[in-house]
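> give me a model of this one.
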Amino acid sequence: MDLQDQKVLVIGCGISGMGAARLLSRANANVILYDENDKRDVEEILGGLPEGTRAEVILGEWSRIQIRELKLAVISPGVPMDIPMVEQLKENGVPVWGEVELAWQMGRGKVLAITGTNGKTTTTALLGEIVKNDTAESFVVGNIGTAYTEVAAKTTEDSVIVAEMSSFQLEGIVDFHPVVSAILNISPDHLNRHHTMENYINAKKRIALNQTEADTCVLNYEDEVTRKFGEEIRSRAFYFSSKRKLAPGVYLSDDVVYYNDGEKDVPICNILECNLLGLHNYENIMAAVACAVAFGIPTDVIRKTVTEFRAVEHRIEFVTEKNGVVYYNDSKGTNPDAAIKGIQAMTRPTCLIGGGYDKDSSYEDWIRAFDGKVKLLVLIGATREKIAKAARGCGFEDIAFADTLEEAVNICATEAEPGDAVLLSPACASWGMFTNYEERGKKFKEYVNNL
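Modelled structure (predicted):
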């Protein structure tokens, strides 16, 4: 699509929206930046754009935008696709793209894209390292922190882009076409946005929407939803499993990750040689291996990278040991299923910090996963009463409340004994108390290190 001198609306002035506006400015489009928050600083927003960008900022009233003059609308992931504004754009024949679609249309190279409820960031980071060790020109983008739109203009036909894709981002794709895609797992999350589990699953499945028989979709054989999805897609389904041998596929057996090409088993690594902790991380390793193998990366490059790779920040991240107590930061455990993985990785009696923003999740399965490991549950945030009620309903009574994360850390430090662990794994989003899970995790580490 030729956007020179065309009016393009960007909805949302956050990281993704600003990245989209900067990319559009390179195409010499006339950018209209819209944000419903009328308290935003117009000059600050314009200051984030390249000098000479033709841009207008409209805050608050949607009615000020002349829809019929628009060539395209680009929507940020945080903006729902089912709001009246988007419906009105579509009714008037204005194409609506997500920022990922914009980056795909304006960039070049091959894309390896990863989604799933949990494990996306670790798997994307690991696959990104594998690709970097095999390819001269690679980028790691998406939900992992760097907007795809920020690097699209730098890509060439030789580029390999490893992209972490959220369900929000996948809602906005049209022609986005990864040569390798992956769905790691599916469990309830973001139901306040998607409304039903079916909608959430369908958003995740969109990652393979435009793949062909020449492409590969990596799927978790032990997840019922993803296993069945492999029977629906046009691309080749390539499975990984933590419970059974696959031929072909990638699987775990006797602490060794194997790749089977349909004829022979190729050992990739012993998980005891890896720096990642817990079964969920072994699944992340297998998913990254499967993506790399499907893309044609040599197994010796994969093997070396996997054994050298260290956990990403905020995902069961070792912080320090004080007075015989070890502290772990799992701030990225933003839903109950992710937090279950965090507690399953603990091998000591644990003081657990949970709670935060309510995404309409239920917490009983998380509580039951404590399995005798949790000696104290310290709750913060908007969900603390809801979680406490669920815990008591499951027979768990060792509960304390804190008004701040710092207070929660101090309570745990007081109650923990030498040989115990303190784990921040909230099972909730951070909003309301923190800007994002990264800020929450950094504050946790700050409070721990100041003990």
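> over to residue 44: give its phi and psi.
phi -60, psi -40 (degrees, to the nearest 10).
> distance-wise, check it relative to residue 302.
44 Å (C-beta to C-beta, to the nearest Å). The way it works is simple: take the backbone N, C-alpha and C, and place the C-beta from them, glycine included.
> next SSE after the least confident helix or strand in the chain by mean pLDDT?
Ranked by mean pLDDT, DSSP states H and E, the weakest helix or strand in the chain is helix 191-194, scoring a mean of 62. Sequence-wise, the next helix or strand downstream of helix 191-194 (DSSP states H and E) is helix 197-205.
> next up, the contacts around the closest residue to residue 176 other than its chain neighbours.
Sequence neighbours aside, residue 104 is the residue nearest to residue 176 in space, at 4.5 Å (criterion: C-beta to C-beta, 6 or more residues apart in numbering). Counting by C-beta atoms under 8 Å, 6 or more residues apart in numbering, residue 104 makes contact with 111, 148, 152, 173, 175, 176, 177.
> in which helix or strand would I find the closest residue to the last one other than its chain neighbours?
Beyond its immediate neighbours in the sequence, the residue positioned closest to residue 177 (C-beta to C-beta, 6+ apart) is residue 210, lying 4.2 Å away. In this assignment (DSSP H and E), residue 210 forms part of neither any helix nor any strand.
> that older thread, so of the contacts of residue 104, which ones are in strands?
Per DSSP state E, strands hold the following members of the contacts of residue 104: residue 111.
> neighbour-wise, which one of the contacts of residue 104 leads?
residue 148 (32 neighbours; other C-beta atoms under 10 Å).
> quick one: the strands in the stretch 351-451 of the chain?
All strands of the stretch 351-451 of the chain, identified by DSSP state E, counting those that start in this stretch, fall at 374-379, 399-401, 421-424.
> isn't the residue nearest to residue 177 right up against residue 175?
Yes: using C-beta atoms under 8 Å, residue 210 is in contact with residue 175, at 5.9 Å.
> hang on, the earlier thing: residue 44 and residue 302 - which one has more neighbours?
Shown here are residue 44 and residue 302; by other C-beta under 10 Å, residue 302 has more neighbours (26 against 10).
> let me see the contact set for the residue nearest to residue 295 when sequence neighbours are not counted.
Leaving aside its chain neighbours, residue 295 sits nearest to residue 180 (5.3 Å; criterion: C-beta to C-beta, 6+ apart). Residue 180 makes contacts with 112, 113, 215, 216, 217, 218, 291, 294, 295, as judged by C-beta under 8 Å, 6+ apart.
> before we move on, what about residue 231?
Shown in contact with residue 231 (C-beta under 8 Å, 6+ apart): residue 237.
> what of the one 3 residues further on?
By C-beta under 8 Å, 6+ apart, the contact list for residue 234 reads 208, 211, 212, 213.
> what does residue 95 give?
Contacts for residue 95 (C-beta under 8 Å, 6+ apart) come out as 1, 72, 73, 174.
> stretch 332-340: end-to-end distance?
Counting by C-alpha to C-alpha, to the nearest Å, you get 12 Å between the two ends of stretch 332-340.
> what mean pLDDT does that stretch have?
Looking at stretch 332-340 alone, the average pLDDT works out to 90.
> repeat that for stretch 69-78.
On average, stretch 69-78 scores 90.
> same thing with stretch 56-66?
84.
> and the longest helix for this structure?
In terms of residue count, the longest helix belonging to the chain (DSSP state H) is helix 279-295.
> re the thing from before, inside helices: which ones of the contacts of residue 234?
Among the contacts of residue 234, no member lies in helices (by DSSP H).
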